[in-house]
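Enquirer: Build the 3D model from these lines:
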Amino acid sequence: MKNTWLRLLAALFSLALVASACGSDSPVDDAVEAVDEAADEVVEEVTGDDDEEAMEEEAMEEEEAPEEEAMEEEDKPVVTVTGPERDESEAGAIQEVLGAFGEANGIEVTYTGDADWEANINVQVEGNNPPNLSIFPQPGKLADFARAGNVVPLADNVVDGMAWSEAWTVFGNVDGTQYGAPVKADLKSLVWYKPAAFEANGYEVPTTFDDFVALTGTMIADGNTPLCVGIESGQATGWTYTDWVEDMVLRQHGADVYDQWVAHDIPFNDPQIVESMQTVLDLWATDGMVFSSGGSIAATAFQDNGQPLVDGDCMMHRQASFYSAFIPEGTAFADGSEDAVDVFYFPDLNGDAPVLGAGTLVAAFDDNEATMMVAEYMAGAEYAEARQKAQTALKGGGLSGFLSAAEGQDPSVYAPLEQSFLQILQSAAIVRFDASDLMPADVGAGTFWSEGTSAVNGDQDAAEAAEKIEASWPS
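Expert: Presented below is the predicted three-dimensional model:
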């Protein structure tokens, strides 16, 4: 820079001498013009030098910025969350909502959905590599983990922030300590069907279980297949059968027997339980009763029944409220159109209208502040609303497949049919949580599934399966 200015002064001095010596206006004008041009060139050169220096400084700042960002990333707490929900709309909504919460609170939150969650969470705990949080579909498994010291009690801010009634929070309470917070609710006593298909065939929605069975016989006689059924679900294969059995225990023997069964006050092989198990097996084994896209009930994934229902390969599918997530995108729900899908209550026997429900709870494997912040958010109404909106959008509108009984939500975020699900949960006189989810994991997420699957395959009858399940009950 110093040499540049010296060159400029020398040029100006030389040109000034030339101009003085000449006496002519033209040479002076020429000289002044030359000075101007020279000055412009120098200014450009000077400016260029300044730009280079600025660019060098900017480059140095850019080199420092990634280092600063890296330091910030290193300081940013990471919270990992796992669970069994892995459908694109389910897992996508959970990640979107938790990611946004984390971004707003300086936490990196990641969710991983796992088809074999039931088995893999055991492996992770045994390997001393659990996630920070996990979503438990079985309160019984959560209780096992709590008593083994694998999960930690929820912090006071999480417990105080739960937006659920005691009817739901009780399932996360183990021996007087809150280890789990509810994050989702399911209504299971539902049958999905197409009203237009019923009308075209002259069928009426059954109001009793006897009417339901009679209707299936009429459908078979007409050349229609009554039910779509599939129980394959990775490590959880068989849980669909257990849901049917639980609904039948409530209908055939009532809530008191159901509670005794769950608490093991009566053995698993009690004749009343065996009767309900065999009722389901006999119904499914009826010629022409079941459409199985995989070739057999046990080889058909539970989520693969939505398409054949829409296509008319079967007339009905008994499954929980969340099943709308597996019905083909773009399907109309309860709007009166020809291809619309609707639901009716899985009918009872005695007029007491029992409802089978379920849900999930979040539990923590450490008591880090960030972990508990995320858990507190998941247990609140704000999370429920945000997830409902996100999952509905990812489904392309219609029903989301998500349901929450959290108090304080804006019901308008739910479609009319989903609002009716919530009303059923809130108004039913008899509501029971999924029995297998309440039982010890060795049974509810173990032999009840595996021995039930063997019975569905015809390898044993209900009595034999029940004997083996009872033998597996932890002493």
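Enquirer: so where is this structure shaky, pLDDT-wise?
Expert: Residues of the chain meeting the criterion pLDDT under 70: 1-74.
Enquirer: Got the domain ranges for it?
Expert: Domain assignment for the chain by automatic domain parsing gives 1-16+39-64, 78-179+365-399, 190-357+433-471.
Enquirer: would a markdown table of those domains with distance to D410 and mean neighbour count be doable?
Expert: C-beta coordinates here come from the backbone N, C-alpha and C atoms, glycine included. Below are the domains of the chain laid out as a markdown table (distance: least, C-beta to C-beta, whole Å; neighbours: other C-beta atoms under 10 Å):
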| stretch | distance to D410 | mean neighbour count |
| --- | --- | --- |
| domain 1-16+39-64 | 45 | 11 |
| domain 78-179+365-399 | 6 | 19 |
| domain 190-357+433-471 | 19 | 19 |
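Enquirer: Would you format those as JSON lines with distance to Q419 included?
Expert: As requested, the domains of the chain are exported to JSON lines (distance: least, C-beta to C-beta, whole Å):
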{"stretch": "domain 1-16+39-64", "distance to Q419": "53"}
{"stretch": "domain 78-179+365-399", "distance to Q419": "11"}
{"stretch": "domain 190-357+433-471", "distance to Q419": "11"}
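Enquirer: So for V413, which of the ones you listed sits nearest?
Expert: domain 78-179+365-399 (4.7 Å; C-beta to C-beta).
Enquirer: Quick one: distance of the closest one to the chain centre.
Expert: Remark: domain 78-179+365-399 is offset 10 Å from the chain centroid, using C-alpha atoms, centre = their mean, to the nearest Å.
Enquirer: Now the terminal residues of it, how far apart.
Expert: 32 Å (C-alpha to C-alpha, to the nearest Å).
Enquirer: Which stretches in the stretch 351-475 of the chain count as helices?
Expert: Using DSSP state H, counting those that start in this stretch, the helices assigned to the stretch 351-475 of the chain run over residues 369-378, 381-394, 416-427, 435-438, 441-442, 448-456, 462-471.
Enquirer: Output the contacting helices and strands for the first one.
Expert: So the one you mean is helix 369-378. strand 78-83, helix 88-105, strand 133-136, helix 156-161, strand 180-187, strand 354-364 (3 or more C-beta pairs under 8 Å, 6 or more residues apart in numbering; DSSP states H and E).
Enquirer: hmm, try it at 10 Å
Expert: If you count contacts as 3 or more C-beta pairs under 10 Å, 6 or more residues apart in numbering; DSSP states H and E, helix 369-378 packs onto strand 78-83, helix 88-105, strand 108-113, strand 133-136, helix 156-161, strand 180-187, strand 354-364, helix 381-394.
Enquirer: Next, P328: phi, psi?
Expert: P328 adopts backbone torsions of phi -50, psi 140, taken as degrees, to the nearest 10.
Enquirer: now the helices and strands packed on helix 369-378 as JSON lines including distance to P271?
Expert: Formatted as JSON lines, these follow (distance: least, C-beta to C-beta, whole Å):
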{"stretch": "strand 78-83", "distance to P271": "37"}
{"stretch": "helix 88-105", "distance to P271": "39"}
{"stretch": "strand 108-113", "distance to P271": "40"}
{"stretch": "strand 133-136", "distance to P271": "32"}
{"stretch": "helix 156-161", "distance to P271": "42"}
{"stretch": "strand 180-187", "distance to P271": "29"}
{"stretch": "strand 354-364", "distance to P271": "20"}
{"stretch": "helix 381-394", "distance to P271": "42"}
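Enquirer: closest one to Q303 among the ones you listed?
Expert: helix 88-105 (10.7 Å).
Enquirer: got the CA positions of the closest one in CSV?
Expert: Provided in CSV are the C-alpha atoms of helix 88-105 (Å, rounded to 0.1, in the frame of the first residue of the first chain):
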residue,chain,number,x,y,z
GLU,A,88,-43.5,-43.2,8.0
SER,A,89,-46.3,-41.0,9.3
GLU,A,90,-45.9,-42.1,13.0
ALA,A,91,-42.1,-42.0,13.2
GLY,A,92,-41.9,-38.9,11.0
ALA,A,93,-44.4,-37.0,13.2
ILE,A,94,-42.6,-37.9,16.4
GLN,A,95,-39.2,-36.8,15.0
GLU,A,96,-40.7,-33.6,13.5
VAL,A,97,-42.3,-32.6,16.8
LEU,A,98,-39.5,-33.6,19.1
GLY,A,99,-36.9,-32.1,16.7
ALA,A,100,-38.7,-28.8,16.8
PHE,A,101,-38.9,-28.8,20.6
GLY,A,102,-35.2,-29.6,20.8
GLU,A,103,-34.3,-26.9,18.4
ALA,A,104,-36.2,-24.4,20.4
ASN,A,105,-34.6,-25.5,23.7
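Enquirer: quick one on the thing from earlier: quick one, which of the domains of the chain gets closest to S412.
Expert: domain 78-179+365-399 (9.6 Å).
Enquirer: circling back: for D87, find the nearest of the helices of the stretch 351-475 of the chain.
Expert: Per C-beta to C-beta, nearest to D87 of those: helix 381-394, 9.4 Å.
Enquirer: Next, the angle from the closest one to helix 88-105.
Expert: 130 degrees (axes from the mean of the first three to the mean of the last three C-alpha atoms, to 10 degrees).
Enquirer: Quick one: list the elements packing against helix 381-394.
Expert: Counting by 3+ C-beta pairs under 10 Å, 6+ apart, helix 381-394 packs on helix 88-105, strand 180-187, helix 369-378.
Enquirer: Just want the most central residue of the protein.
Expert: E90 (3.6 Å; C-alpha atoms, centre = their mean).
Enquirer: if I read this right, that one contacts D114, doesn't it?
Expert: No. Counting by C-beta atoms under 10 Å, D114 is not a contact partner of E90; they are 12.0 Å apart.
Enquirer: and for those two, which residues touch both?
Expert: Both E90 and D114 are in contact with 83-84, where contact means C-beta atoms under 10 Å, 6 or more residues apart in numbering.
Enquirer: distance of L399 from I327?
Expert: 8 Å (C-beta to C-beta, to the nearest Å).
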